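**Student:** Here's my sequence, what's the structure:
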Amino acid sequence: MKRDIAGKDDPTAPEKLRRVLRKVPFPVTVITTCSPSDPSIRRGITVSSFSSISLQPDALIAFCVKLPSRVSTLLHESNRFVVQFLAQDQIPHSVAFSSSGAPKKKKKRAEEDLELEGTSAGQVLSEAAKQTLKPDSSPISEKQSGSLSSSSSSSTVASTTTTSSPPLAFSEEDPDPFLVLGHKTDPETGIPVLEGTMGAVRCRTHKVMVVGDHEMWIGHVEKVLYGSAMVEDSVQTMEGATPIEQQELWYGFVVNRKGGGGKGGQIWDSIVPRLATAVPKGQWKVEFTQRPGHASDLASELVNAGFNVVVAVGGDGTISQVVNGYMLADGKSKGCSIGIISTGTGGDFVRTLNVPRDPIKALDVVLNNASVPVDVGHVSCNKPNSGNEKHDQYFINICSVGISGNIIRSVEKSPLTKHLSGGLVYWIYTYLNGLVYKPPAVKYTIKDGAQSSEHIVELQGEQQKKPQDEQNQQSWDDNMNLYVLAVANGKYFGGNMRVAPNADVSDGKFDVVCLQNLTLIDALMKASPALHSGDLMALPQHQAFTKRCTEVEINPLKPKDKVAIEADGEYIGVLPATWKIVPSGCQMILP
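**Tutor:** Residues are numbered from 1 along each chain as shown. Model prediction:
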């Protein structure tokens with residue numbers, strides 16, 4: 001009997017899907033489907049190109065299938081499918097469903113297609129049949145899956161049969177992966193649902209597009225099956241984690257009530273009613289900062305306690321501290337993400353990310369959007385007034401050295417902060433430091449480990465050609481009178497200065513922007529307008545440059561020079577210093 005493809009939507013599906021995606025930020029998935037007229041005809045594909053493209057008003061997901069594909073034929077016939085998110089110990093699952101999706105080749109060639117480190121899919125399944133697979137709470141990564149392509153690896157279940165074999169005809173050597181790996185049947189569609197995965201969602205076809213040699217499928221999520229009463233005994237407790245329906249700890253808020261010139265507390269109070277109606281009681285918790293640096297400690301505690309989302313409610317400094325706490329926490333590998341509700345006066349990092357400044361809209365982003373990987377910077381420098389004692393810190397936006405560090409140091413020491421707004425105090429000390437700042441002489445090295453070529457450096461006005469680096473790294477070395485050097489992950493600093501207009505928080509690189517050899521007149525008449533407009537190329541080459549890199553090192557030529565360093569708007573230390581990028585260092589919820 002042919003089943004009706006017009007399924008009913010579970011109104012809680014978007015929220016449940018979002019929770020699944022919190023646990024599995026980089027999913028490797030298996031898509032399963034069956035014939036609506038004969039559920040015994042069933043197929044599956046391993047997909048690493050899965051993505052969530054919408055949660056509101058409808059939950060939509062997408063994946064790609066390489067053509068030609070017998071799985072695609074069955075998907076077109078069924079128009080309904082189940083997406084399963086694989087756990088870390090489910091490499092046999094990914095191998096079992098990851099052969100070519102083209103019409104079947106002869107058995108010997110098909111076995112070659114399914115080899116993973118010298119092991120055929122049949123051998124993997126045979127080995128799996130001898131073991132009891134225990135679910136793991138950690139998602140499988142694309143690197144661990146071994147046989148996954150950059151888009152998708154599709155397979156019929158009869159992965160080693162000849163072209164004339166029926167869909168479920170297996171040789172004696174190659175058992176049915178659905179039977180070996182374990183599955184249950186969705187009673188509404190008849191689609192097989194693998195056991196022990198991180199989650200499973202049932203979808204119907206929303207749209208199909210052909211792009212090159214792939215089909216892009218967009219699915220409308222009808223229901224999240226894992227953790228629901230699909231069948232009486234389908235609720236499984238993953239080792240080290242609780243089912244989705246039973247998750248209690250979800251959102252942890254780190255609130256700086258003094259942020260934004262004292263408006264942080266008011267902003268928090270304004271969003272509590274919306275939060276209380278959107279998130280069940282017991283699934284969110286708030287912690288208020290009590291001292292400088294407290295946000296970092298609170299964030300680490302929340303991550304280690306098992307919260308899935310830690311939300312920074314404050315300015316750029318609070319956001320930076322929460323990122324530091326996240327990076328230092330032991331539990332960050334459990335799928336925790338960072339959310340942002342900005343209350344600060346600068347808002348430089350949220351400007352880069354287009355996070356709404358309206359707190360209610362920012363909260364909606366945190367509650368409804370999926371997380372994405374974001375790069376994190378790391379700096380190691382000398383502590384101020386402590387000789388050669390080192391200070392290590394992460395930063396999320398921009399870390400700079402030179403006059404910018406002096407300005408931040410002056411602001412933090414100033415009594416004016418008790419009487420005037422932070423923005424006004426900043427501009428007062430920007431002007432005062434501009435009058436007295438004497439650029440120090442420094443030596444810098446900029447490295448990009450992804451490139452290698454010969455290049456030109458300017459040293460004391462003379463062009464000198466530097467040979468290719470022996471370690472296959474492209475590097476630039478120079479001496480200069482430093483005005484400011486910004487190691488940028490984000491685009492803005494200093495309250496709307498567009499210092500790095502081409503910076504990308506997810507490209508695995510810093511954008512280094514340097515202003516050097518400037519007179520006071522140059523700084524006021526040329527550099528300041530260029531920083532605000534983002535057009536540093538309007539300055540002469542000997543006064544400004546930008547480079548993309550993964551590492552930076554700066555040393556003062558005169559050891560007695562205490563050249564100040566700021567990170568995300570906070571004074572942290574002095575030269576010498578080194579910077580390194582941490583690609584995809586954290587998960588962040590963005591618009």
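
**Student:** number of nearby residues for residue 61?
**Tutor:** A total of 24 residues lie near residue 61 under the criterion other Cβ atoms under 10 Å. Where you see a C-beta, it was placed from the backbone N, CA and C, and this is true even at glycine.

**Student:** Let me see the confidence value for residue 174.
**Tutor:** Looking at residue 174, its pLDDT is 50.

**Student:** I figured residue 74 hits residue 43, correct?
**Tutor:** Yes - between residue 74 and residue 43 a contact is recorded at 5.2 Å, counting by Cβ atoms under 8 Å.

**Student:** Who has more neighbours out of the two?
**Tutor:** Set residue 74 next to residue 43 and count neighbours by other Cβ under 10 Å: residue 43 wins out with 30 against 22.

**Student:** hey, what's the more buried one bridged with?
**Tutor:** residue 33 (DSSP bridges).

**Student:** Give me the common contacts of residue 74 and residue 43.
**Tutor:** 33, 34 (Cβ atoms under 8 Å, 6 or more residues apart in numbering).

**Student:** burial count for residue 413?
**Tutor:** Neighbours of residue 413 (other Cβ under 10 Å): 11.

**Student:** Could you check how far it is from residue 407?
**Tutor:** To residue 407, residue 413 is 11 Å away according to Cβ to Cβ, to the nearest Å.

**Student:** can you check residue 562 too?
**Tutor:** Counting by Cβ to Cβ, the gap from residue 562 to residue 407 is 15 Å.

**Student:** Please say which of those two ends up with more neighbours.
**Tutor:** residue 407 (26 against 16).

**Student:** Does that one lie in a helix or a strand, and which?
**Tutor:** Under the criterion of DSSP states H and E, residue 407 resides in helix 403-413.

**Student:** show me where the stretch 351-500 of the chain has strands.
**Tutor:** For the stretch 351-500 of the chain, the strands defined by DSSP state E, counting those that start in this stretch cover 371-382, 390-395, 398-402, 441-448, 455-459, 462-466, 474-488.

**Student:** Show the model's pLDDT score for residue 51.
**Tutor:** 83.

**Student:** can you check the one 3 residues further on too?
**Tutor:** Note on residue 54: pLDDT of 80.

**Student:** Skipping adjacent residues, who's closest to it in space?
**Tutor:** residue 60 (4.1 Å; Cβ to Cβ, 6 or more residues apart in numbering).

**Student:** Go through the strands of the stretch 351-500 of the chain and find the least confident stretch.
**Tutor:** Averaging pLDDT over each of the strands of the stretch 351-500 of the chain puts strand 455-459 lowest, since it has a mean of 29.

**Student:** was I right about residue 307 contacting residue 287?
**Tutor:** No - the criterion here is Cβ under 8 Å, and residue 307 misses it with residue 287 at 10.3 Å.

**Student:** Where in this protein is the helix or strand with the lowest mean pLDDT?
**Tutor:** Lowest on mean pLDDT, DSSP states H and E among the helices and strands of the chain sits strand 455-459, with a mean of 29.

**Student:** domains of this structure?
**Tutor:** 13-241, 248-369, 378-584 (automatic domain parsing).

**Student:** Skipping its backbone neighbours, what lies nearest residue 417 in space?
**Tutor:** Residue 417 sits nearest to residue 425 (Cβ to Cβ, 6+ apart), 5.4 Å away.

**Student:** wait, isn't that neighbour in contact with residue 412?
**Tutor:** No - with contact defined as Cβ under 8 Å, residue 425 does not reach residue 412; the gap is 9.9 Å.

**Student:** Between these two, tell me which one has more neighbours.
**Tutor:** Neighbour count, other Cβ under 10 Å: between residue 425 and residue 412, residue 425 has more, with 20 against 15.

**Student:** now the more buried one: how far from residue 402?
**Tutor:** In this view, residue 425 and residue 402 are 20 Å apart by Cβ to Cβ.

**Student:** what do you get for residue 424?
**Tutor:** Separation of residue 424 from residue 402 (Cβ to Cβ) stands at 22 Å.

**Student:** The two - which one has more neighbours?
**Tutor:** Under the criterion of other Cβ under 10 Å, the comparison of residue 424 against residue 402 puts residue 402 first, with 26 against 13.

**Student:** Who's the closest spatial neighbour of the most centrally placed residue in the chain, skipping the chain neighbours?
**Tutor:** Of all residues in the chain, the one closest to the mean position by Cα atoms, centre = their mean is residue 373, 0.9 Å from it. Distances taken as Cβ to Cβ, 6+ apart put residue 584 closest to residue 373, at 3.6 Å, once the chain neighbours are dropped.

**Student:** hang on, the one you found packs against residue 375?
**Tutor:** Yes - judged on Cβ under 8 Å, residue 584 makes contact with residue 375 at a distance of 6.5 Å.
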